[in-house]
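>>> Sharing a model prediction with you, sequence too.
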Amino acid sequence: MLGRRLKMGMVGGGPGAFIGDVHRRAALLDGGVELVAGAFSADKKKAEEKGRDLLLDPSRVYASLDAMVEHESTLPLGERVDLVTVATPNHLHFPMARRLLRAGFHVVCDKPMTHGVKEARALKREVDKSGNVFALTYNYTGYPMVKLARDLVRMGHLGHVRKVVVEYPQGWLATPLERIGMKQAVWRTNPDQSGSAGCIGDIGSHGANLSEYILGQRITDVSADLSTFVDGRALDDDGSVLLRFEGGPRGALLTSQVSVGEENGLTARVYGDKRGVRWSQERPDQLQVTALDGPEETWSRGSDYVAAMSPAAARATRLPPGHPEGFIESFANIYNNVCDAICARILGTEPDTLALDYPTVDDGLRGMLFIESVVKSTRSRQKWTRVPER
């Protein structure tokens, strides 16, 4: 036991930011963290406004990341922030995470990890050199029933895995919201801030990460077709990608942010030669299990039989079956594991193995390699494009 709550800072996540509020609520959900500092916006007035909304000490609401690092570094352990969340547009992830790591802070970063592969490789070197905890919020791996699906695959419950299909349709960018100044649309469709990909980087990277997490195998090759349907948009808003995995499984990833009427329809299907599983983010408390010669089963989060099959799913569960858990809790499960890992570092002990179940800088690098390979494949006349190992 550490004997105190971990102290958290945040960069980004100012007024009007969606994901910053998600991070804050998730980090504080289990009571082991307190938010004490932040550099919420490059606009000083907006930063101060957010600090007041969050009831923070005004002396710990900073006008810049540099100001936060410089002041917090002068405070003793136990008073200074232990971890800092980076919840900014993509192009700021690398310089900010690097600055924090070099100053000795643990980091939780939103995805995709960096603006490009070169930065991702450099950030991995920084993490390895620092020895600090670095986590990336590929939050869908935080869902208990996703962990169950992974463990069923690992245990051979599905037999030899043959096929993976991941679909991620959204409809919110079906019109040019970036032209009317909608904040979330503006930076996500701007190559200078988002990177070389739009839809495939924003949500397609989630699908790729989810498939690799469940299978425990990396994507080796892609054959991609990215499209931009909204006139004048600079980045893709729809994509179809065929996948090949090490060990032989084949897959397909279908992503879209112009699928009118869709909300957040992430679905993953995995088929072996004995059984299959199906998980939907919009019905996250259930995992459908199909059999070659038997009825379809519905497994429910929080059940004793799920806990017996997957200790990781049990650890990620807070409520009994029938009491829904969802999006914020998936982030909270990542934060919970990260915080346990940080506490172990502070105490000089080894963390519980289950506490190490969170996306790392390696997953972030894998995501950037996937995005770059998909963009390359779309521009290529070759049928398959190799995804580098690192």
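Sure, I can see it.

>>> so what's residue 154 up against?
residue 216 (Cβ atoms under 8 Å, 6 or more residues apart in numbering). Yep, even glycine has a C-beta here, placed from its N, CA and C like the rest.

>>> Tell me the spacing between it and residue 189.
38 Å (Cβ to Cβ, to the nearest Å).

>>> I'd say residue 239 and residue 257 touch.
No. Counting by Cβ atoms under 8 Å, residue 239 sits too far from residue 257 to count as a contact (9.5 Å).

>>> What about the closest residue to residue 387 other than its chain neighbours, how many residues nearby?
Distances taken as Cβ to Cβ, 6 or more residues apart in numbering place residue 373 nearest to residue 387, at 4.4 Å, with adjacent residues excluded. Neighbours of residue 373 under the rule other Cβ atoms under 10 Å: 24.

>>> Which neighbouring elements make contact with the helix or strand that contains residue 373?
Element membership of residue 373 [criterion: DSSP states H and E] is helix 361-379. Identification of packing neighbours for helix 361-379 by 3 or more Cβ pairs under 8 Å, 6 or more residues apart in numbering; DSSP states H and E yields helix 117-130, strand 134-136, helix 205-215, strand 219-227, strand 238-245, strand 385-386.

>>> Strand partners (parallel or antiparallel) of the fourth one?
Okay, so that is strand 219-227. strand 238-245 (antiparallel), strand 385-386 (antiparallel) (DSSP bridges).

>>> Out of those strands, which one sits most buried?
strand 238-245 (a mean of 21; mean count of other Cβ atoms under 10 Å).

>>> from the middle of its chain, how far away would it be?
Relative to its chain's centre, strand 238-245 lies at 19 Å (Cα atoms, centre = their mean, to the nearest Å).

>>> which sections of the stretch 151-300 of the chain are below the confidence cut-off?
By pLDDT under 70, the stretch 151-300 of the chain has no low-scoring segment.

>>> Break down it into its helices, ranges please.
183-188, 191-194, 199, 205-215 (DSSP state H, counting those that start in this stretch).

>>> Adding mean neighbour count and distance to residue 111, write the ones you listed out as CSV.
Shown next, in CSV, are these (neighbours: other Cβ atoms under 10 Å; distance: least, Cβ to Cβ, whole Å):
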stretch, mean neighbour count, distance to residue 111
helix 183-188, 18, 12
helix 191-194, 15, 12
helix 199, 26, 14
helix 205-215, 25, 6
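
>>> export the ones you listed to TSV and tack on distance to residue 300?
Compiled in TSV, those are given as follows (distance: least, Cβ to Cβ, whole Å):
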stretch	distance to residue 300
helix 183-188	33
helix 191-194	38
helix 199	32
helix 205-215	19
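
>>> between these, which gets nearest to residue 244?
Of all the helices of the stretch 151-300 of the chain, helix 205-215 sits nearest to residue 244, with 11.4 Å by Cβ to Cβ.

>>> Residues contacting that closest one, please?
In contact with helix 205-215 (Cβ under 8 Å, 6+ apart) are residues 111-112, 138, 140-141, 146, 149-150, 153, 161, 164, 166-168, 218-219, 243, 245, 249, 251, 253, 255, 266, 268, 270, 359, 363, 366-367, 370-371.

>>> Dump it to CSV, restricted to CA.
Coordinates of each C-alpha in helix 205-215 appear next as CSV, following Å, rounded to 0.1, in the frame of the first residue of the first chain:
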residue,chain,number,x,y,z
SER,A,205,-5.9,2.2,-35.2
HIS,A,206,-8.3,1.1,-32.4
GLY,A,207,-9.6,-1.8,-34.6
ALA,A,208,-6.1,-2.9,-35.5
ASN,A,209,-5.0,-2.8,-31.8
LEU,A,210,-8.1,-4.7,-30.7
SER,A,211,-7.5,-7.5,-33.2
GLU,A,212,-3.8,-7.9,-32.2
TYR,A,213,-4.8,-7.8,-28.5
ILE,A,214,-7.4,-10.5,-28.8
LEU,A,215,-5.3,-12.8,-31.1
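
>>> chain center to that helix, what's the gap?
10 Å.

>>> ditto for stretch 272-281
22 Å.

>>> for stretch 307-318, same thing?
Centre to centre, stretch against its chain (Cα atoms, centre = their mean), the figure for stretch 307-318 is 20 Å.

>>> Show the contacting residues for residue 166.
207-208, 210-211, 251-254, 266-269.

>>> Recalculate using a threshold of 10 Å.
204, 206-211, 214, 241, 243, 251-255, 266-270, 279 (Cβ atoms under 10 Å, 6 or more residues apart in numbering).

>>> same deal with residue 47?
14-15, 38-41, 61-64 are the contacts of residue 47 under Cβ under 10 Å, 6+ apart.

>>> and with 8 Å instead?
14, 38-41, 61-63.

>>> of those residues, closest to residue 389?
Out of those, the member with the shortest distance to residue 389 (by Cβ to Cβ) is residue 39, at 35.6 Å.

>>> wait, isn't that closest one in contact with residue 63?
Yes. Counting by Cβ under 8 Å, residue 39 sits close enough to residue 63 to count as a contact (7.0 Å).

>>> More neighbours: those two, which one.
residue 39 (27 against 16).

>>> Which phi and psi values does that one adopt?
Here is the backbone geometry of residue 39 (degrees, to the nearest 10): phi -120, psi 80.

>>> Next one: the residue nearest to residue 387 from residue 202, what distance?
16 Å.

>>> Then residue 176?
Counting by Cβ to Cβ - residue 176 and residue 202 are separated by 16 Å.

>>> Which one of the two is surrounded by more residues?
Neighbour count, other Cβ under 10 Å: between residue 176 and residue 202, residue 202 has more, with 26 against 15.

>>> ok, for the more buried one, nearest residue in space, not its chain neighbours?
residue 188 (5.7 Å).

>>> which residues touch residue 69?
99-100, 103, 105 are the contacts of residue 69 under Cβ under 8 Å, 6+ apart.

>>> change it to 10 Å
Taking Cβ under 10 Å, 6+ apart as the test, what residue 69 contacts is 9, 11, 39, 62, 81, 84, 96, 99-100, 102-105.

>>> right, and residue 116 touches residue 364 too?
No. The criterion here is Cβ atoms under 10 Å, and residue 116 misses it with residue 364 at 12.0 Å.
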